[in-house]
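Q: Provide a 3D model corresponding to the input given below.
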Amino acid sequence: MADAASRLTALAEDVLGAPLPVRLRTWDGSEAGPADGPVLIIRERRALRRLLWKPGELGLARAWVAGEIDVEGDLYTVLDRLAGFLWERGEESRGLLETARDPKVRAAVAALLKLAGPFPPPKPPLEEMRGRSGARHTRRRDKQAISHHYDVGNEFYELVLGPSMVYSCAYWTEQGSLEDAQRDKLDLIARKLRLKEGDRLLDVGCGWGSMAIHAAREYGARVVGVTLSREQAAFARKRIAEEGLTDRIEIRVQDYRDVTDGPFDAISSIGMAEHVGTVQYREYADALYGLLKPGGRLLNHQISRRPEPDEEAYEVDAFIDAYVFPDGELAPMGRTLTTLEDAGFEVRDVEAIREHYALTLRAWVARLEADWDRAVRLTSPGRARIWRLYMAASAVSFERNRIGVNQFLAVRTPGSGASGVGLRPRVWSEPRESGES
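A: Got it, this is the predicted structure:
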């Protein structure tokens, strides 16, 4: 009798003490759970072996990447409902998880072992990060991690990101396009840094060169951009040549820790600090402080997480670590601010823009889904599935305030105390007049 869905639903509800918020359909054709709304599909029973071998997020991720788990209906709704069911029930949820010691539940798990089929579990998908060596955030290991994430083909990133080729939170000032919002974000950063003709800008983690091009073309800045991705650097150099800006922009494949030709008038670090790591963050802040001239400005644009009751218990997200950003770490906003201050910076402004990132991610997912077959051809079915899940889940996390994103404006204020910020520091919130530099 086909009843895998009802058996799995009963197990989940016994363990977590609440009704399953999505309908479940299994490989034997059976279904269980609420009749309305989206359906979580377990296409292959070997997905259960992955979960039994690696309980939690990594087992689920492997099954998703391999195509053994799928969704019918709105992916965001599934993720939103499961977020509340699995991860956001606080102390009540942790207490309910203790029911896994209940003999009834243990008996259900034993039955699940039979349902899952013969062991051992399947090998992890090929897209999973392998071969990491050495301590986290050494130059060598950081280069490996960056290559895993970014060197997957510039055409794939063009498909997802669009013509702007900006891979960070956009700034939605009005109901415009993704490209409009990314242009507005770059311009916001340039105005916060008070860039002007001849200023020397260091763009740390320069990506495909969008900030460098905007700063040079619109503000007359001279820019050094550094990245660890050779594919990004090659793409950026090509764009810069096409813009006729090779005399103003230099793109290097270089670790920020190896930049020695300061001082700079300004530094932009947009979506790069997440790769630095908690242990190395003070070194990062010290390095950028040392590269600025007195009175120089830093714009640090960075994803944050909510503080943990016990910060020592913080663990990197298993799916993100294995498939998206190896060794990436998020810090609470307060820790970032404190570290910048400890390095000597005067933090003059913090702007929280997490809702903007949810909108950005939804725009990227829409682009991916609209050209799905091409995305698969450019990478692999597993890689396309990784990106769809990662971006959609991240959008839900921003919407539910599980993570945020902030822009820190910090100054290397000289001994005189003249920060150069002025009495109305947020004049950048006022759009530039046409032709104004």
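Q: quick one: the strands in the stretch 251-400 of the chain?
A: When assigned using DSSP state E, counting those that start in this stretch, the strands of the stretch 251-400 of the chain occupy the ranges 264-270, 292-305, 346-352.
Q: out of those strands, deepest packed?
A: Comparing these by mean neighbour count (mean count of other C-beta atoms under 10 Å), strand 264-270 ranks first with a mean of 25. Where C-beta positions appear, they are placed from N, C-alpha and C, glycine not excepted.
Q: by how many degrees do that strand and strand 292-305 diverge?
A: Strand 264-270 and strand 292-305 are oriented at 10 degrees to each other (axes from the mean of the first three to the mean of the last three C-alpha atoms, to 10 degrees).
Q: residues contacting stretch 222-236, please?
A: Contacts to stretch 222-236, defined as C-beta atoms under 8 Å, 6 or more residues apart in numbering, come from residues 142-143, 146-147, 150-151, 153-154, 165, 198-209, 211-212, 215-216, 248-256, 259, 261, 264.
Q: next step: those residues restricted to strands.
A: Among the contacts of stretch 222-236, the subset assigned to strands under DSSP state E consists of 200-204, 249-253, 264.
Q: out of those residues, the closest to Ser177 would be?
A: Asp203 (23.7 Å; C-beta to C-beta).
Q: beta partners of the closest one?
A: Gly225, Ser268 (DSSP bridges).
Q: of the contacts of stretch 222-236, grab the buried ones for PyMOL.
A: Below is the selection syntax for PyMOL that covers the buried ones among the contacts of stretch 222-236, with 16 or more other C-beta atoms under 10 Å defining burial:
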select buried, resi 142+146+150+154+165+199+200+201+202+203+204+205+206+207+208+209+211+212+215+216+248+249+251+254+255+256+259+264
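Q: longest helix in this protein, please.
A: With DSSP state H setting the assignment, residue counts place helix 381-399 as the longest helix in the chain.
Q: what's the angle between it and strand 292-305?
A: Angle of helix 381-399 versus strand 292-305, following the same axes, to 10 degrees, is 100 degrees.
Q: give me the helices and strands touching helix 381-399, please.
A: For helix 381-399, the contact count by 3 or more C-beta pairs under 8 Å, 6 or more residues apart in numbering; DSSP states H and E identifies helix 57-65, helix 75-82, helix 354-370, helix 372-378, strand 403-411 as packing neighbours.
Q: got the CA positions of the shortest one in PDB?
A: This means helix 372-378. The C-alpha atoms that make up helix 372-378 are tabulated as PDB, following Å, rounded to 0.1, in the frame of the first residue of the first chain:
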ATOM      1  CA  TRP A 372      16.100  28.300 -16.700                       C
ATOM      2  CA  ASP A 373      17.100  26.000 -19.600                       C
ATOM      3  CA  ARG A 374      19.900  28.300 -20.600                       C
ATOM      4  CA  ALA A 375      21.100  28.500 -17.000                       C
ATOM      5  CA  VAL A 376      21.300  24.700 -16.800                       C
ATOM      6  CA  ARG A 377      23.200  24.600 -20.100                       C
ATOM      7  CA  LEU A 378      25.700  27.200 -18.900                       C
END
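Q: show the average pLDDT along that helix.
A: pLDDT averaged over helix 372-378 equals 96, rounded to a whole number.
Q: ok, and for that helix, which residues are buried?
A: Taking 16+ other C-beta under 10 Å as the neighbour-count basis, helix 372-378 is seen to contain the buried residues 375, 378.
Q: gap between it and the chain center?
A: On the basis of C-alpha atoms, centre = their mean, to the nearest Å, helix 372-378 is displaced by 21 Å from the centre of the chain it belongs to.
Q: contacts for that helix next, please.
A: Among residues not part of helix 372-378, those counted as contacts by C-beta under 8 Å, 6+ apart are 153, 155-156, 159-160, 368, 384, 387.
Q: need the winner for burial among the helices and strands packed on helix 381-399.
A: helix 57-65 (a mean of 23).
Q: reformat the helices and strands packed on helix 381-399 as a markdown table; add distance to Glu31.
A: Formatted as a markdown table, these follow (distance: least, C-beta to C-beta, whole Å):
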| stretch | distance to Glu31 |
| --- | --- |
| helix 57-65 | 18 |
| helix 75-82 | 15 |
| helix 354-370 | 25 |
| helix 372-378 | 26 |
| strand 403-411 | 33 |
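Q: Arg183 is nearest to which of the ones you listed?
A: If you check each of these against Arg183 by C-beta to C-beta, helix 354-370 wins as the nearest, at 12.9 Å.
Q: just the CA atoms of the closest one, as CSV, please.
A: Once non-C-alpha atoms are left out, helix 354-370 reads as follows in CSV (Å, rounded to 0.1, in the frame of the first residue of the first chain):
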residue,chain,number,x,y,z
ARG,A,354,17.5,44.6,4.4
GLU,A,355,14.1,45.0,2.6
HIS,A,356,16.0,46.2,-0.5
TYR,A,357,17.9,43.0,-0.6
ALA,A,358,14.7,40.9,-0.5
LEU,A,359,13.5,42.8,-3.6
THR,A,360,16.9,42.3,-5.3
LEU,A,361,17.0,38.6,-4.7
ARG,A,362,13.4,38.2,-6.0
ALA,A,363,14.5,40.0,-9.1
TRP,A,364,17.5,37.7,-9.6
VAL,A,365,15.3,34.6,-9.0
ALA,A,366,12.8,35.9,-11.6
ARG,A,367,15.6,36.3,-14.1
LEU,A,368,16.9,32.8,-13.4
GLU,A,369,13.5,31.1,-13.7
ALA,A,370,12.7,33.0,-16.9
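Q: which secondary structure elements does that helix sit against?
A: For helix 354-370, the elements it packs on are helix 154-161, helix 178-192, helix 381-399, strand 403-411, judged by 3+ C-beta pairs under 8 Å, 6+ apart.
Q: tell me how many other residues crowd Ala322.
A: Burial of Ala322, expressed as a neighbour count using other C-beta atoms under 10 Å, amounts to 23.
Q: for it, which non-adjacent residue is closest in space?
A: For Ala322, the nearest residue in space outside its immediate sequence neighbours is Glu128; the separation is 5.1 Å by C-beta to C-beta, 6 or more residues apart in numbering.
Q: what's near enough to touch the one you found?
A: By C-beta under 8 Å, 6+ apart, the contact list for Glu128 reads 62, 65, 322-323.
Q: low-scoring stretches of the stretch 151-300 of the chain, by residue?
A: 151-152 (pLDDT under 70).
Q: is it true that Leu52 lies in a helix?
A: Yes. When classified by DSSP: H, G, I helix; E, B strand; the rest coil, Leu52 is found to be part of a helix.
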